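> Build the 3D model from these lines:
(one chain, ligands or ions: 2)
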Amino acid sequence: MQETFIDTEILSFQEFRHEIIESYRLARISREMSYLGRREVLTGKAKFGIFGDGKELPQLTMAKVFKDGDFRSGYYRDQTFALAVGALTIESFFAQLYADTSVEREPASAGRQMNGHYATRSLNPDGSWKDLTAQKNISADISPTAGQMPRLLGLAQASNVYKSVKFPGSEKFSKDGNEIAFGTIGDASTAEGHFWETLNAACALQVPMIISIWDDGYGISVPTQNQRAKTDIAEMLSGFQRKEGEAQGCEVMQVKAWDYPALMDVYATAEMLAREQRVPVVIHVIEVTQPQGHSTSGSHERYKDENRLRFESDFDCLDKFKEWIVGYSFKFDEDSELQTIATKEELDEIDADAKVKVKEGQKKAWVRYQKAIAETKNILVPLVQAVAQSNPDVTAHLDKFGSLISVSKKDIFHLVRKTLLTVRGVQSEAVALLKQAFEEVAANETENYSSHLYSESQWRATNVPVIKPVYSENSAIVDGRVVIRNNFDKIFSKYPDALIFGEDSGNIGDVNQGLEGLQEKYGAVRIADTGIREATILGQGIGLAMRGLRPIAEIQYLDYILYCLQGMSDDLATVQYRTKGGQKAPVIIRTRGHRLEGVWHSGSPMAGILNLAKGINILVPRNLTIAAGFYNTMLQSDEPALIVECLNGYRLKEKQPDNIGEFTVPVGKVEITSPGTDVTLVTYGSTWRIVTEAAEQLAKVGISAEVIDIQSLIPFDLSHDIVTSIKKTNRLVIIDEDVEGGTSAFILQQVLEKQKAFRFLDSEPLTISAENHRPAYATDGDYFSKPSVDDVVEKVYKLFNEINLEKYPSIY
Ligand SMILES: Cc1ncc(C[n+]2csc(CCOP(=O)(O)OP(=O)(O)O)c2C)c(N)n1
Ligand SMILES: [Mg+2]
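Ligands and ions are numbered 1, 2, ... in the order given. This next block holds a predicted model:
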């Protein structure tokens with residue numbers, strides 16, 4: 001028995017030794033990647049570099065407790081972690097440094113993100129989900145520091161949801177909710193509100209989350225003591241520390257970045273707490289170093305004093321790890337041999353080998369990157385040379401091109417485009433061949449640089465089949481809020497993966513009762529209240545959607561969407577684009593707004609949203625039936641959307657379709673709601689009612705107005721129905737309640753430039769928008785701040801007055 005026991009111990013010691021040596025090898029490779037990466041930038045082969053040196057040891061210990069199905073939401077420092085979990089190779093690291101546009105060579109972002117921005121691919125090339133429980137998952141990084149935190153909340157919360165929510169296919173996303181979401185953040189970025197908001201929500205929701213703070217004492221050049229109330233963030237976080245018997249709060253731990261055994265202990269404990277007890281954990285990793293400073297943009301000798309620099313070299317985590325390995329010895333009992341892990345010489349050999357391996361990988365990445373450029377060059381340059389035979393100016397362009405030291409795709413494109421400009425009008429075979437080849441190459445580059453702003457899968461929003469609402473004699477006439485409520489009821493019974501959450505959305509069924517009674521019916525996991533924290537309500541949505549759920553994130557009023565507009569713009573809108581179709585987050589953001597009264601209860605900051613959230617469908621239904629149809633559409637799509645319900649529409653009567661929960665409203669399709677022949681009035685949302693009333697008044701003074709409800713600002717009028725209307729009326733008026741030059745300017749640009757409506761206009765195109773201040777609360781603030789029926793009637797009338805004074809005499 002005794003013998004067997006010792007055998008097992010020896011075997012496990014061998015494993016232990018092997019694991020330590022492999023960890024050291026990996027850390028060393030990562031360090032060499034950082035060193036060589038910096039050199040590649042300084043010698044001009046790459047544009048910018050930000051690396052993970054100094055953080056190797058904590059990251060590789062974090063990777064040891066990171067299991068298949070787990071998710072990480074972190075930031076640009078996590079090079080060693082990415083390497084350890086197989087999300088990065090030496091070649092893909094350098095491919096990203098060179099910004100190679102190939103998905104195969106740079107699978108995180110296909111050249112769309114700076115180096116250090118990690119991501120795994122959650123989707124197959126056709127946009128369908130992979131089995132996320134069979135891989136280690138990194139949600140795609142973004143550059144705004146702390147911007148990764150809100151999404152982390154949703155990634156962690158998904159595990160709690162999957163404890164009770166199951167549906168066909170859910171086994172691809174979770175194994176009974178046992179996954180942990182790991183967050184990483186730099187010390188300086190903990191000064192951001194997003195960090196505190198996320199941690200607060202995680203502590204309230206008790207989600208399985210482990211946040212590691214890599215505390216290297218600086219945010220670029222600014223030391224920690226200038227960033228926060230207390231230098232020690234763990235001390236600041238002591239109020240979040242959970243107490244015996246309370247199901248709130250988190251566990252806060254502190255550990256030194258160079259202390260391997262302590263790191264192993266801390267991460268093992270954190271994993272146990274998060275995975276088994278679902279307690280959020282914060283690990284404050286201190287004494288972290290930055291051997292090469294912040295990034296390639298500067299040198300840290302400028303702002304670190306001698307003591308700090310000495311500390312950084314004395315406490316380099318790799319040197320300390322090496323020291324620990326060399327000094328380690330162990331005896332099973334007094335008579336057995338002394339067990340050691342490795343000698344200094346053996347580790348020196350690993351160091352030398354790492355250098356060679358990294359160099360080899362870098363070379364491969366460079367050659368492959370250059371080959372792609374050479375291929376473009378080899379296709380186009382001979383064709384330019386053929387054109388040059390009959391044109392000395394083109395020869396001059398070629399000479400200039402030939403003098404370039406290094407050639408990028410831009411240089412090749414510039415040569416071709418200059419050549420085509422020079423030989424404009426020339427009909428020759430050589431020119432025709434050049435044009436044809438250039439078009440093919442250019443299409444490929446459009447794909448490389450501009451694909452996947454929206455989904456390109458079969459589930460893209462524009463592919464959802466249209467099912468018209470069905471009405472009968474028995475169709476009930478009810479308040480708008482009843483239509484939306486009954487539609488949500490159908491949604492939650494039809495889609496077991498759908499859930500909604502927001503301020504007052506759960507217990508009282510939202511502030512306008514659009515979810516009345518649904519929490520009782522579908523439970524508090526799926527119909528939930530949240531704290532007042534819009535940034536993390538959106539973050540919950542993003543994280544849950546990335547893990548296969550269908551979240552509807554409710555922002556109570558449109559006016560407060562600004563609190564989460566950063567996340568909409570930086571994170572949600574870019575998910576598909578920044579991964580070139582590798583990840584998706586089909587969140588629906590539900591909100592209500594437009595005209596009421598008061599500075600913060602009637603806003604319609606649509607242009608801000610429109611311009612900042614390209615990548616998200618922006619839907620502005622005029623009533624609750626159309627809103628319901630948009631929810632039904634978007635739940636069949638894999639794209640994100642914002643649906644703005646009309647705040648003043650809940651109490652208006654609507655006829656409820658008999659196929660509630662089934663009918664869809666297509667995105668990108670306008671609706672002509674009143675036909676007319678003299679002028680096209682284009683509008684959306686609550687203003688539609690104003691415009692419709694104005695059209696009725698205009699009819700009485702002999703002006704036949706066609707009213708068009710846009711309904712979907714993004715995508716915008718895909719079948720160009722507006723210009724078709726203008727061809728008939730020859731006049732265009734755009735009415736909207738945003739500020740001047742806001743959404744009305746966007747609509748004007750789309751209609752004039754994209755739809756070429758200028759050719760058919762007999763009068764100046766007119767925009768009627770709100771005042772540039774926000775609407776006053778004073779009674780009739782709406783009337784005096786936003787376009788009224790009277791405003792629309794008078795301004796449209798004036799157009800006709802200007803062309804036919806006799807028929808349309810002046811009003812004033
Ligand atoms: C929101 C935001 N503000 C500013 C920056 C510019 N910036 C990039 S890194 C950085 C310092 C971050 O320091 P820290 O969080 O401690 O991370 P470290 O780089 O030290 O690991 C700053 C200010 C940014 N990327 N995002
Ligand atoms: Mg820092």
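> Give me the neighbour count for the residue nearest to residue 463 when sequence neighbours are not counted.
For residue 463, ignoring the flanking residues on the chain, the nearest one in space by Cβ to Cβ, 6 or more residues apart in numbering is residue 637 at 7.6 Å. For glycine as for every other residue, the C-beta is placed from the backbone atoms N, C-alpha and C. If you count neighbours by other Cβ atoms under 10 Å, residue 637 ends up with 22.
> ok, now residue 209?
Residues near residue 209, counting by other Cβ under 10 Å, number 31.
> swap in residue 427?
Residue 427: 7 surrounding residues under other Cβ under 10 Å.
> Now do the same contact list for it.
Contacts for residue 427 (Cβ atoms under 8 Å, 6 or more residues apart in numbering) come out as none.
> For stretch 511-520, buried residues please.
The neighbour-count check on stretch 511-520 (16 or more other Cβ atoms under 10 Å) flags 511-512, 514-516, 518-519 as buried.
> likewise stretch 789-797?
Within stretch 789-797, the residues scored as buried using 16+ other Cβ under 10 Å are 789, 791-797.
> Can you name the residues in contact with that stretch?
Residues from elsewhere that reach stretch 789-797 (Cβ under 8 Å, 6+ apart): 679, 681, 690-691, 693-694, 697-698, 701, 703, 705, 733, 735, 766, 768, 808, 811.
> go with 6 Å
For stretch 789-797, the external contacting residues (Cβ atoms under 6 Å, 6 or more residues apart in numbering) are 690-691, 693-694, 697-698, 733, 735, 768.
> Likewise for stretch 401-415?
With contacts defined as Cβ under 6 Å, 6+ apart, stretch 401-415 is touched by 376-377, 380, 397.
> Now neighbour count, distance to residue 609 and pLDDT too, for those residues, in TSV please.
Listed next are the contacts of stretch 401-415 as TSV, based on neighbours: other Cβ atoms under 10 Å; distance: Cβ to Cβ, whole Å; pLDDT from 0 to 100:
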residue	neighbour count	distance to residue 609	pLDDT
376	19	38	96
377	18	42	96
380	21	41	98
397	21	44	97
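> Need these in a markdown table (columns: distance to ligand 1).
Shown next, in a markdown table, are the contacts of stretch 401-415 (distance: Cβ to the nearest ligand atom, whole Å):
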| residue | distance to ligand 1 |
| --- | --- |
| 376 | 32 |
| 377 | 35 |
| 380 | 37 |
| 397 | 40 |
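> Now the two most distant members of those.
Taking Cβ to Cβ as the measure, those span a maximum distance of 16.5 Å, between 376 and 397.
> Just the contacts of stretch 789-797: which are in strands?
Judged by DSSP state E, these include 733, 735, 768 as members of strands.
> about what we covered before: who's in contact with the residue nearest to residue 463?
Counting by Cβ under 6 Å, 6+ apart, residue 637 touches 459, 461, 464.
> The first one and residue 679: what is the separation?
In this case it means residue 459. 39 Å (Cβ to Cβ, to the nearest Å).
> What of the second one?
From residue 461 across to residue 679, the span is 31 Å (Cβ to Cβ).
> circling back to that earlier point, who wins on neighbours among the contacts of residue 637?
residue 461 leads the contacts of residue 637 on contacts (other Cβ under 10 Å) with 25 neighbours.
> nearest spatial neighbour of that residue, skipping sequence neighbours?
residue 637 (4.1 Å).
> cool, residue 312 as well?
According to Cβ to Cβ, 6+ apart, the nearest residue to residue 312 is residue 289 (4.3 Å).
> quick one: secondary structure of that neighbour?
coil (DSSP: H, G, I helix; E, B strand; the rest coil).
> picking up where we left off before, can you list the ones in strands among the contacts of stretch 789-797 in TSV and add neighbour count?
Listed next are those as TSV, based on neighbours: other Cβ atoms under 10 Å:
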residue	neighbour count
733	24
735	26
768	25
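> from these, which single one is nearest residue 328?
Once Cβ to Cβ is applied, the member of these that ends up nearest residue 328 is residue 735, at 76.3 Å.
> Let me see the contact set for the residue nearest the centre of the chain.
Computing the C-alpha centroid of the chain and ranking residues by Cα atoms, centre = their mean puts residue 571 first, at 2.5 Å. By Cβ under 6 Å, 6+ apart, the contact list for residue 571 reads 142, 151, 542.
> For burial, what's the neighbour tally of the last one?
Using other Cβ under 10 Å, residue 542 is surrounded by 30 other residues.
> Distance-wise, check residue 419 relative to ligand 1.
Note on residue 419: its distance to ligand 1, by Cβ to the nearest ligand atom, to the nearest Å, is 40 Å.
> Quick check: pLDDT value at that residue.
Per-residue pLDDT puts residue 419 at 98.
> for the one 5 residues further on, same thing?
Note for residue 424: predicted pLDDT of 97.
> what number of residues lie near it?
Residue 424 has 8 neighbouring residues, counting by other Cβ under 10 Å.
> and it, what helix or strand is that in?
Here residue 424, judged by DSSP states H and E, is contained in no helix and no strand.
> buried set for the particular helix or strand that has residue 195 in it?
Using DSSP H and E, the element containing residue 195 is helix 193-205. Buried residues in helix 193-205, counting neighbours by 16+ other Cβ under 10 Å, are found at 194-203, 205.
> And for stretch 660-671?
Buried residues in stretch 660-671 (16+ other Cβ under 10 Å): 660-661, 663-671.
> Out of these, which are close to ligand 2?
With Cβ under 5 Å from the ion as the criterion, the buried residues of stretch 660-671 include none near ligand 2.
> Out of the residues you listed, the closest to residue 23 would be?
Proximity of the buried residues of stretch 660-671 to residue 23 was ranked by Cβ to Cβ; the top entry is residue 667 with 49.9 Å.
> how far away is that closest one from residue 421?
39 Å.
> just residue 42 next, same as before
From residue 42 across to residue 421, the span is 37 Å (Cβ to Cβ).
> again, but for residue 289
Residue 289 sits 54 Å away from residue 421, going by Cβ to Cβ.
> Residue of the stretch 1-150 of the chain nearest ligand 2, please.
Taking Cβ to the ion as the measure, the point where the stretch 1-150 of the chain comes nearest ligand 2 is residue 77, at 8.3 Å.
> Dihedrals phi and psi, that residue?
Residue 77 adopts backbone torsions of phi -90, psi -10, taken as degrees, to the nearest 10.
> Do I have it right that it meets residue 52?
Yes: using Cβ atoms under 6 Å, residue 77 is in contact with residue 52, at 5.2 Å.
> one step back: now do the contacts for the residue of the stretch 1-150 of the chain closest to ligand 2.
Per Cβ under 6 Å, 6+ apart, neighbours of residue 77: 52, 55, 214.
> May I ask which of the residues you listed has the most neighbours?
Result: residue 55 is most packed of those (other Cβ under 10 Å), 29 neighbours.
> quick one on the thing from earlier: out of the buried residues of stretch 660-671, name the ones that lie in strands.
residue 671.
> what about residue 500, which SS state?
Classified using three-state DSSP, residue 500 is strand.
> per-residue pLDDT, it?
98.
> roughly how far apart are it and ligand 1?
Relative to ligand 1, residue 500 is positioned 29 Å away (Cβ to the nearest ligand atom).
> which residue sits closest to that residue, ignoring its sequence neighbours?
Of all residues not flanking residue 500 in the chain, residue 552 sits nearest, at 4.1 Å (Cβ to Cβ, 6+ apart).
> Any stretches of the protein with poor pLDDT?
Applying pLDDT under 70 to the chain flags the ranges 1-11.
> How is it divided into domains?
In terms of domains, the chain is parsed into 2-342, 372-450, 461-655, 671-803 (source: automatic domain parsing).
> in the sheet, who's paired with residue 528?
Residues in a beta bridge with residue 528, per DSSP bridges, are residue 501.
> Now do the same contact list for the residue nearest to residue 312.
Taking Cβ under 6 Å, 6+ apart as the criterion, residue 289 is in contact with 54, 312, 316.
> for the closest residue to ligand 1 within the stretch 201-350 of the chain, phi and psi?
In the stretch 201-350 of the chain, the residue that lies nearest ligand 1 is residue 219 (3.3 Å; Cβ to the nearest ligand atom). Dihedral angles of residue 219 (phi, psi; degrees, to the nearest 10) stand at phi -120, psi 100.
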